[in-house]
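*Asks:* Fold the following.
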Amino acid sequence: MATTKKATPAAAPKAKVTTTKSYSNAPLFGKENYRWMLIGIVLVALGLILMGGGKSKDPNVFNPREVYSFTRITIAPILILAGFVVEIFAIFRKDKPSAQ
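*Replies:* Take a look at the predicted model:
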């Protein structure tokens, strides 16, 4: 008896599926976001300015009141941290849809 083999169909090559991504030209942030970012940058800059200084006229004299002042140790770091919090808020804030 002759046995016949069934021919298995060869797998046809699959066609590549190409997807096109459409990008919108809408701005990433709104006007309010940029305003809040500017406020945050000003707070950080003000904190850094307040933290700077403390230089003595005579390098051999150490003045702890000048170096460890309340402004440099307390107020300036609080302003810098507040500026970073405002920056995070500005990034995550969603714009309200404009009613037109």
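*Asks:* In this structure Trp36 contacts Ala90, no?
*Replies:* Yes - here Trp36 reaches Ala90: they are 3.5 Å apart, a contact under Cβ atoms under 8 Å. C-betas here are computed from N, CA, C, even on glycine.
*Asks:* can you count the residues close to Leu43?
*Replies:* By the criterion of other Cβ atoms under 10 Å, Leu43 has 20 neighbours.
*Asks:* Do I have it right that it meets Gly83?
*Replies:* Yes - look at Leu43 against Gly83 with Cβ under 8 Å: they come within range, at 3.2 Å.
*Asks:* what's the span of stretch 65-84, first residue to last?
*Replies:* End-to-end distance of stretch 65-84: 28 Å, with Cα to Cα, to the nearest Å as the criterion.
*Asks:* List the neighbours of that stretch that are in contact with it.
*Replies:* Here stretch 65-84 makes contact (Cβ atoms under 8 Å, 6 or more residues apart in numbering) with 40-48, 50-51, 53-54, 56.
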